[in-house]
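Turn this into a structure:
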Amino acid sequence: MEWNAVPRFVSLVAVLSCALVCEVMAFGQTTTAGVVVYLKPDGTGDYPTLENALLLAPRDATIVLAAGRYTVVSPILHVTKPLKLVGQGPDQTEVVSSTSLIAVLSVSVDGHFSMSGISFQYSGEMPCSVVIIEATTVEVTNCRFSGGHGSVKGLDGNGLWVRQATGGTVKDCESFRNEGAGILVGGGKEPVQILLERNRSTDNGWSGIVLDKQAKPTLESNTCTGNKDSGI
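A predicted model of the protein is given here:
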């Protein structure tokens, strides 16, 4: 299905409050690529919260999330630098929010962003997509997106929205029970050119996969069932 209207999009800014700025730990002070930090749901990892890790971890760091549920209390998780998020699988590592605005996770990165093995869920009442990504290149593998809320097509309620990326892949992901699109591709300044492979998009309020008129993805072996409007 072709999405013919580029939606109005509010530029996302970091909205983490001063309460999130705790003392900078050793990992947060280095700028060396290849740094790996570890998080635990009980706050005993290298940073006490996921919000802190995204704010303070150095550029190009890998953030490993142990199994468990991470509850987001800030209005948004905002990534502004190249990072890699690694969970233990969508059945094991969950990031959940009922208080997010615009998106549970928003990525605005000049560079590469990747994440794998994480489930993202929104359970609030405000219009909100689950994950929105703008990056130079992106890799999203074995992730799950659910609970997007809102009725404005192309603006809110989407599971995964890849708004901008000139390369990369989204594969082996599942997006379900979102009021918007399961996976929305495009809407930024440049055509999105990524590979969508072996994803499942089911029971969404719009279509399973929606493509902006300028989007140029490659689609291989994706499954779309039970969506209100259409599959793709």
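
What segments of the protein are helices?
26-29, 50-56 (DSSP state H).

Least confident of those, on average?
Lowest mean pLDDT of those: helix 26-29, a mean of 38.

What does the pLDDT read for K189?
Value listed for K189 in the pLDDT field: 85.

which residues sit in contact with the residue most central in space within the chain?
Centroid-nearest residue in the chain: V131, 3.0 Å away (criterion: Cα atoms, centre = their mean). Under the criterion of Cβ atoms under 8 Å, 6 or more residues apart in numbering, the contact list for V131 reads A103, V104, L105, S106, V107, F120, C143, F145, G159, L160, W161. For glycine as for every other residue, the C-beta is placed from the backbone atoms N, C-alpha and C.

Just give the closest residue to G147, not the sequence neighbours.
Y122 (4.0 Å; Cβ to Cβ, 6 or more residues apart in numbering).

And for the one you found, the neighbour number?
Residues lying near Y122 (other Cβ atoms under 10 Å) number 29.

same thing with A61?
When neighbours are counted by other Cβ under 10 Å, A61 comes out with 26.

ok, it - contacts?
F27, V35, V36, V37, L83, K84.

same thing with L160?
With Cβ under 8 Å, 6+ apart, L160 has these contacts: V130, V131, I133, V140, C143, F145, V170, C173, S175, G182, I183, L184.

redo that, cut-off 6 Å
V131, F145, S175, I183 (Cβ atoms under 6 Å, 6 or more residues apart in numbering).

Put the buried members of the residues you listed into a ChimeraX selection.
In ChimeraX, this line selects whichever of the contacts of L160 come out buried by 16 or more other Cβ atoms under 10 Å:
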select :131,145,175,183
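
Which ones among the contacts of L160 map onto strands?
With strands taken from DSSP state E, the overlap with the contacts of L160 comprises V131, F145, S175, I183.

Dig out what the third one forms beta bridges with.
When bridges are called by DSSP bridges, S175 pairs up with F145, S201.

just checking, it touches L184?
No. No contact is recorded between S175 and L184 when judged using Cβ atoms under 6 Å, the distance being 9.5 Å.

wait, I118 sits on R144?
No. Taking contacts as Cβ under 6 Å, I118 lies outside contact range of R144: 7.6 Å.

Next, work out how far apart E139 and G180 are.
23 Å (Cβ to Cβ, to the nearest Å).

So for these two, which residue has more residues nearby?
G180 (27 against 19).

Give the full set of residues in contact with the spatially closest residue to the more buried one that is not a sequence neighbour.
Using Cβ to Cβ, 6+ apart and skipping the chain neighbours, the partner closest in space to G180 is G157 (3.1 Å). Residues near G157 by Cβ under 6 Å, 6+ apart: G148, H149, G150, N178, E179, G180.

Dump those to TSV, plus distance to I194 and pLDDT.
Converted to TSV, the contacts of G157 look like this (distance: Cβ to Cβ, whole Å; pLDDT from 0 to 100):
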residue	distance to I194	pLDDT
G148	20	97
H149	25	95
G150	24	90
N178	19	97
E179	24	96
G180	19	95
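
In this protein, where is pLDDT below threshold?
1-33 (pLDDT under 70).

now with 50?
Within the chain, the stretches with pLDDT under 50 are 1-31.

And for T44, the neighbour number?
By other Cβ under 10 Å, neighbour count at T44 equals 10.

now swap in G43 and tell me
If you count neighbours by other Cβ under 10 Å, G43 ends up with 11.
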